[in-house]
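Asks: Predicted model, plus sequence, below.
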Amino acid sequence: MSAVNYKKLATTEQLVPIRPKPVEIWDVERIRKDFPVLSQTVHGSPLVYLDNAASSQVPQMVIERGTQYIKHEHSNIHRGVHYLSMKATNAYEGAREKVKRFMNARDVKECIFVRGATEGINLVMHGYGRKFISAGDEIIISAMEHHANIVPWQMLCEEKNAKLRVIPMNDAGELLLDEYDALLNEKTKFVAITHVSNALGTVNPVKQMIESAHKYGVPVLIDGAQWAPHASIDVQDLDCDFYVLSGHKMFAPTGSGVVYGKEQLLEKMNPFQGGGDMIKSVTFEKTTYADLPNKFEAGTPAIASQIGLGAAIDYLHIIGRERAAAYEHDLLVYATERLSAIEGVRIIGTAREKLGVLSFIIDDIHPHDIGTILDQQGIAVRAGHHCAQPVMKRFNVPATARASFAFYNTKQEVDALVEAIEKVIEVFG
Ligand SMILES: Cc1ncc(COP(=O)(O)O)c(C=O)c1O
């Protein structure tokens with residue numbers, strides 16, 4: 001793979017071709033060089049970063065784009081007539097154009113910048129839910145949601161006296177689609193489901209689920225926080241009504257994220273927050289709201305972070321999403337085989353379709369102890385309930401250890417994880 005001219009890309013908001021030239025081999029060592037954080041040692045061992053589902057790492061190209069903004073373009077957007085403000089506005093709106101292409105939205109108006117998936121879901125709950133959900137209505141979520149896609153809907157149900165219905169799952173961690181179909185009825189007014197489970201790695205058949213909901217005229221929100229780092233998104237093909245993602249899980253800085261919404265729904269919704277930049281005119285008698293997408297972006301946004309998200313999208317186009325996904329798939333299969341072969345290790349989440357995540361427990365050893373001992377060997381995994389307490393309850397475990405992968409991880413790192421797990425078992429003998 002030839003070297004990427006970061007400097008050139010970082011100084012323009014040009015759009016990088018979506019389909020790069022195919023390259024046969026995934027040169028992981030070359031890719032790793034793009035991520036400065038990966039080359040350090042932790043507690044005397046090379047860092048093995050397997051906590052990508054919590055936050056992925058940031059490539060040099062994104063770091064440089066952010067630095068350039070701060071050094072040479074930092075200014076407030078939309079309101080200024082001066083040079084820097086116009087430059088910052090162009091960069092920020094350029095990032096929105098990149099997001100539009102990345103998600104295949106029809107228009108930039110449909111791409112609202114938010115701080116992350118949590119804020120995105122809350123925006124939809126406030127803007128759509130509080131306006132259109134009433135007493136006796138039903139909202140369907142699934143048994144494998146992150147708290148970010150449970151709590152806002154629960155709050156709404158409490159406020160409106162509506163009912164939360166939950167699609168159950170089987171022991172592999174797959175949603176029971178017959179049960180979903182049975183839950184849908186004329187009282188259903190909203191469906192919110194995750195594309196990929198952060199605790200189990202299950203990929204849900206969201207296209208089919210959206211189609212089922214649409215038969216009842218019900219809008220569907222897809223929580224794409226764990227899908228977006230791994231595979232292409234096509235909101236038009238999915239025909240979802242809302243799709244949310246977090247930048248910090250897809251190689252961009254924290255504080256960046258997107259809510260996609262169909263234009264006709266966003267138009268009908270109430271604004272999320274009130275303030276500057278989301279208005280057309282303000283008098284003490286009445287305020288009229290700005291056109292999309294500004295109606296949903298009150299106040300000064302996370303300008304540097306969203307420009308960084310645009311650069312991360314460029315980076316993904318450059319390295320090639322399909323190739324990255326194929327490599328990650330092989331890595332997950334390899335890791336699953338190796339961990340399954342360790343006596344005492346039980347994998348939680350064995351769905352046929354999985355992405356990025358390997359949750360596991362070890363007989364009688366608390367996941368926090370696993371996480372701590374792995375950390376001593378330089379291996380970063382997550383231990384806990386992964387903001388998915390109902391999933392832990394369903395599998396009757398207090399917590400799991402979770403290794404989660406990105407395209408810069410290697411089979412050698414999986415081997416290091418296996419060796420370290422064997423050490424944990426030895427220590428707790
Ligand atoms: C599936 C899923 N949804 C939502 C979130 C919340 O994302 P954020 O904390 O970036 O808002 C996460 C974070 O782990 C997640 O995995």
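Replies: Perfect, I can see it now.
Asks: Now tell me what touches the stretch of helix or strand residue 156 belongs to from outside.
Replies: Under the criterion of DSSP states H and E, residue 156 resides in helix 151-160. Helix 151-160 is contacted by residues 121-122, 125, 129-130, 133-135, 137, 139, 141, 162-164, 190, 192 when judged by CB atoms under 8 Å, 6 or more residues apart in numbering. (Glycine included, C-beta is placed from N, CA and C.)
Asks: go with 7 Å
Replies: 121-122, 125, 129-130, 133-135, 139, 141, 162-164, 192 (CB atoms under 7 Å, 6 or more residues apart in numbering).
Asks: So for the residue with the largest distance to the centre of the chain, what's the pLDDT?
Replies: When distances are taken from the C-alpha mean of the chain, residue 285 lies farthest, 40.4 Å away, according to CA atoms, centre = their mean. pLDDT, residue 285: 98.
Asks: tell me the SS of it?
Replies: Put simply, residue 285 is coil when judged by DSSP: H, G, I helix; E, B strand; the rest coil.
Asks: What residues does it make contact with?
Replies: Listed by CB under 7 Å, 6+ apart, residue 285 has no contact partners.
Asks: still on that earlier bit, among the contacts of helix 151-160, name the buried ones.
Replies: With burial judged by 16 or more other CB atoms under 10 Å, the buried subset of the contacts of helix 151-160 is 121-122, 125, 129, 133, 139, 141, 162, 192.
Asks: Of the residues you listed, which belong to helices?
Replies: 121-122 (DSSP state H).
Asks: Dump the buried ones among the contacts of helix 151-160 to CSV, plus distance to residue 93.
Replies: Formatted as CSV, the buried ones among the contacts of helix 151-160 follow (distance: CB to CB, whole Å):
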residue, distance to residue 93
121, 24
122, 24
125, 27
129, 28
133, 33
139, 34
141, 34
162, 37
192, 29
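Asks: now, which of the buried ones among the contacts of helix 151-160 sits nearest the ligand?
Replies: Using CB to the nearest ligand atom, residue 121 is the member of those that lies nearest the ligand, at 7.2 Å.
Asks: Report the contact partners of that closest one.
Replies: With CB under 7 Å, 6+ apart, residue 121 has these contacts: 148-149, 152, 221, 223, 244.
Asks: go on, residue 180?
Replies: Residue 180 sits next to 167, 209, 212 when contact means CB under 7 Å, 6+ apart.
Asks: Please spell out the ChimeraX selection for the buried subset of these.
Replies: Burial among the contacts of residue 180 is assessed by 16+ other CB under 10 Å; the matching ChimeraX selection reads:
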select :167,209,212
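Asks: Put together TSV for the contacts of residue 180, with pLDDT and secondary structure on each row.
Replies: What follows is the contacts of residue 180, written out as TSV (pLDDT from 0 to 100; DSSP: H, G, I helix; E, B strand; the rest coil):
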residue	pLDDT	secondary structure
167	98	strand
209	98	helix
212	98	helix
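Asks: Please list which of the contacts of residue 180 are also close to the ligand.
Replies: With CB under 6 Å from any ligand atom as the criterion, the contacts of residue 180 include none near the ligand.
Asks: Excluding sequence neighbours, find me the nearest residue to the residue of the stretch 301-429 of the chain found nearest the ligand.
Replies: Residue nearest to the ligand within the stretch 301-429 of the chain (CB to the nearest ligand atom): residue 387, separated by 6.0 Å. With sequence-adjacent residues excluded and distances taken as CB to CB, 6 or more residues apart in numbering, residue 387 is closest to residue 147, at 4.4 Å.
Asks: Count the neighbours of the one you found for me.
Replies: Residues within reach of residue 147, counting by other CB atoms under 10 Å, total 15.
Asks: in the stretch 301-429 of the chain, what spans have low per-residue confidence?
Replies: Applying pLDDT under 70 to the stretch 301-429 of the chain flags no residue at all.
Asks: now the strands: where do they sit in it?
Replies: Secondary structure of the stretch 301-429 of the chain (DSSP state E, counting those that start in this stretch): strands at 345-348, 357-362, 379-380, 382-384, 400-404.
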